[in-house]
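K.L.:
I need the structure of the sequence given here:
(one chain, ligands or ions: 1)
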Amino acid sequence: MPSEKAFVFSVLLITNTKLMNTEALKTSLRDNPFTRWAMLLTVGFVLAANYYFYDALSPLKSTLTKEFGFTSTDFGLFVSVYSIPNVFFLMAVMGGIILDKLGIRRTGFMFIAFMTLGALVTAYGASDMYRNNGLGYAFMSSFMPGYSPELKMMLLGRFLFGLGAETSIVVISKIIVKWFKGKELALAFGVKLGLARTGSFLAFNLSPILIEAEAGWTVATWFAAFFVTSALLVFLIYMMFDLKLDRQVEHGGLLSKSEEFQFSDLTKLLMNRSFIYVTLLCLTFYSAVFPFLSFSADFFLNKFGMSIKESGFISSLLPVGTMIFTPLFGFFVDKYGKAASLMIYGSLILVTVHLIFAFTGLTPYVMMVILGVAFSLVPAAMWPSVAKMVDETRIGSAYGFMFSVQNLGLWAFPILAGVVLDGTNPEGTSQLDYTYTMLMFACLGVFGLLFALLLKREDKVSGYGLELPSNSK
Ligand SMILES: N[C@@H](Cc1c[nH]cn1)C(=O)NCC(=O)O
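P.N.:
A predicted model of the protein is given here:
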């Protein structure tokens, strides 16, 4: 009899505990749509600040030449140094491992802090405070006299910025999964990209206005740095909600032990042909877009004789298009599939637009909007496709690996673009000819198209179902 009572008591206890757990899950913060989307907006702000700083100096290339004597190669170097920690120290991959070990809050704070430090150092390197023999000026003048002390300090800043920025994107991707898994995940990823690119849109329009400030053109660089600093503060707010959610669901974090990164995972990924093609498409496609975007304002300024403001505005049409189209195409892929085909169409559009830029004088306004469609088609189809070909528990390492490979292009092609520009234009020329630089970007697009075609062909063999709607696989 006592054992019978004990049995009934245990059953009641287990049932009650289960009910309590279910209740906790039901009422956890992620189940409240308002809180969930508010969290997306919060981390979206961090991403927007990241993208703002990444692009803030692009419309100011001619200002950097005027103020510091930057050549096109110097500018290319400045853009590309962002990628060095991610290519040569595999920071995006390492960041993923650190993320799995330390969790979202500590990893996020650490890498966003690096991003902030880098942004502040860059702004300091361009400031009058530094140029008037400020801290580090004498040291930066003491070596490699071929490079100005301003360029060297700004390179150091952008290096630190890149070290933090790419891993912070990996952290934010995990945050999105944490809050949206089993809910509106694909749409949330599309909106995340849209919010990030709002930062680029603002950068191309605000920087040209801020250089005209009474306090001097460096207001533009300080504003960008303080925007990133405010993102660090906003992330602190996110951390409070993250902690609360963890306490509610009674887990230390989203990831279990089995999800931790192992180096053998990389070997498995490298044996997967579809994954290799999508990674090579990621490398070539993004190399034809981001480095082009960095030079685009200067290209419009030189080819069409526009003002800094107008050329910055035209460049911003690319991110503005993607802010609208990426969530739309994400929704399309979720519902109707056709991801491999969309990547082919996106690559085709990219090649066509770059060739038009190289050989014709057609209005860049329309071309940039069309390029925005390409820049939405490929990312909206590419990132969810990876989830079909890689086990969910390995998705972090897969994205980290893709980011590192992509950064190889984001490192090499801005330098090459600058070298091609300097090499094909006589020194001191008043109007730069961009034909060969644009041809280089078009060639990258052709390689992207080839990898997209191979990916579609391979999909018929591998059966990952890239052409099928999201929930059918
Ligand atoms: N790795 C980033 C590159 C980037 C550009 N600006 C700031 N970071 C990336 O590829 N993001 C994905 C995207 O489609 O924007």
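K.L.:
Quickly find the element holding whichever residue of the stretch 251-400 of the chain sits closest to the ligand.
P.N.:
Among the residues of the stretch 251-400 of the chain, residue 379 lies nearest to the ligand; the distance is 4.1 Å by Cβ to the nearest ligand atom. Heads up, the C-betas are built off the backbone N, CA and C, glycines and all. In this structure, residue 379 sits in helix 364-389 according to DSSP states H and E.
K.L.:
Contact partners for the residue of the stretch 1-150 of the chain found nearest the ligand?
P.N.:
With Cβ to the nearest ligand atom as the measure, residue 54 is the residue of the stretch 1-150 of the chain nearest to the ligand, at 3.9 Å. Going by Cβ atoms under 8 Å, 6 or more residues apart in numbering, residue 54 touches 82, 165, 199, 200, 203.
K.L.:
export these to TSV and tack on pLDDT?
P.N.:
TSV is the format used below for the contacts of residue 54 (pLDDT from 0 to 100):
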residue	pLDDT
82	95
165	95
199	96
200	94
203	95
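K.L.:
doesn't residue 356 make contact with residue 445?
P.N.:
No. Residue 445 lies out of contact with residue 356 (Cβ atoms under 8 Å); the separation is 11.7 Å.
K.L.:
quick one, which of the two is more surrounded?
P.N.:
residue 445 (27 against 18; other Cβ atoms under 10 Å).
K.L.:
Does residue 179 touch residue 36 like I think?
P.N.:
Yes. Using Cβ under 8 Å, residue 179 is in contact with residue 36, at 5.1 Å.
K.L.:
what is in contact with these two at once?
P.N.:
Here residue 179 and residue 36 have residue 30 as joint contacts, going by Cβ under 8 Å, 6+ apart.
K.L.:
More neighbours: these two, which one.
P.N.:
Higher neighbour count among residue 179 and residue 36: residue 179, with 25 against 18, using other Cβ under 10 Å.
K.L.:
Work out the gap between whatever helix or strand that one lives in and the centre of the chain.
P.N.:
In this assignment (DSSP H and E), residue 179 forms part of helix 149-180. Between the centre of helix 149-180 and the centre of its chain there are 9 Å (Cα atoms, centre = their mean, to the nearest Å).
K.L.:
Same check on stretch 50-58?
P.N.:
Relative to the chain's own centre, stretch 50-58 is displaced by 11 Å; criterion: Cα atoms, centre = their mean.
K.L.:
Where does the prediction get shaky in the stretch 101-250 of the chain?
P.N.:
250 (pLDDT under 70).
K.L.:
Contact residues of it facing the ligand?
P.N.:
Counting by Cβ under 6 Å from any ligand atom, the positions of the stretch 101-250 of the chain adjacent to the ligand are 166, 169, 193, 196.
K.L.:
which of the residues you listed sit farthest apart?
P.N.:
Farthest-apart pair in those is 166 and 193; separation 14.9 Å (Cβ to Cβ).
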